[in-house]
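Visitor: test case, fold it:
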Amino acid sequence: MLDMFFIVVYTDYTVYIRYIQLRREEMDISISNTSEMPIYEQIYNQIKAQIMQGRLLEGEALPSIRSLAKDLRISVITTKRAYDELEKDGFIYTVLGKGCFVSKRNVELIREAHLKEIEEFMKKIIDLASVIDLTKEEIIEMFNILYEVDKE
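Guide: Below is the predicted model of the structure:
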């Protein structure tokens, strides 16, 4: 029986791969050859996001490095680097001879990753605000308004 099948669509230098597992949801990976972000980082970010969102569950098998590389039409080395980074950061683990699997969701690890992402957005806000001489108080006021509107 087939564990998964895939659909490949090509649009403007973008490769879009959708793995549909028979008993589960989908794992989507789209690679843009025109992006300034390295391909391994695109893969890393997308798999990490799916793990953090709960779309990929603890213990779930990821596609093999070779099959993902083949499907995305990229180097095995590039795919391996993405998987190595995911493993180093605790998002996946490898079982020799069996493949890579999603690690147990570490709440603190996920929180830390979200905090890092928030900090990056805040740095961008500060940079943009300085261009138009927006004060800290004005930024806080904007945030408070948006926060209240979002809660409604």
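Visitor: per the record, what domains does the chain have?
Guide: As assigned by automatic domain parsing, the chain contains the domains 4-102, 107-151.
Visitor: can you report phi and psi for residue 32?
Guide: Per-residue torsions, residue 32: phi -110, psi 120 (degrees, to the nearest 10).
Visitor: tell me which stretches of the chain form helices.
Guide: For the chain, the helices defined by DSSP state H cover 39-52, 65-72, 76-88, 107-131, 136-151.
Visitor: can you lay out these as TSV showing distance to residue 59?
Guide: (Each C-beta comes from the backbone N, C-alpha and C, glycine too.) Shown next, in TSV, are the helices of the chain (distance: least, C-beta to C-beta, whole Å):
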stretch	distance to residue 59
helix 39-52	12
helix 65-72	18
helix 76-88	15
helix 107-131	16
helix 136-151	34
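Visitor: now these as TSV including distance to residue 101, mean neighbour count and mean pLDDT?
Guide: TSV is the format used below for the helices of the chain (distance: least, C-beta to C-beta, whole Å; neighbours: other C-beta atoms under 10 Å; pLDDT from 0 to 100):
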stretch	distance to residue 101	mean neighbour count	mean pLDDT
helix 39-52	11	19	93
helix 65-72	13	18	93
helix 76-88	10	18	96
helix 107-131	16	11	89
helix 136-151	36	10	91
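Visitor: what pLDDT does residue 27 get?
Guide: As predicted, residue 27 sits at a pLDDT of 69.
Visitor: now do residue 102, the pLDDT please.
Guide: 93.
Visitor: same question for residue 132.
Guide: Reading off the model, residue 132 has pLDDT 95.
Visitor: residues near it, how many?
Guide: Residues near residue 132, counting by other C-beta atoms under 10 Å, number 7.
Visitor: please name the nearest non-neighbouring residue to residue 93.
Guide: Among residues not flanking residue 93 along the chain, residue 103 sits closest, at 5.2 Å (C-beta to C-beta, 6 or more residues apart in numbering).
Visitor: sorry, slip of the keys, the one I care about is residue 98.
Guide: Closest to residue 98 by C-beta to C-beta, 6+ apart is residue 61, at 8.0 Å.
Visitor: that neighbour and residue 101 touch, don't they?
Guide: Yes: with contact defined as C-beta atoms under 8 Å, residue 61 counts as touching residue 101 (5.6 Å).
Visitor: before we move on, back to that, list the contacts of the residue nearest to residue 93.
Guide: 51, 58, 90, 91, 92, 93 (C-beta atoms under 8 Å, 6 or more residues apart in numbering).
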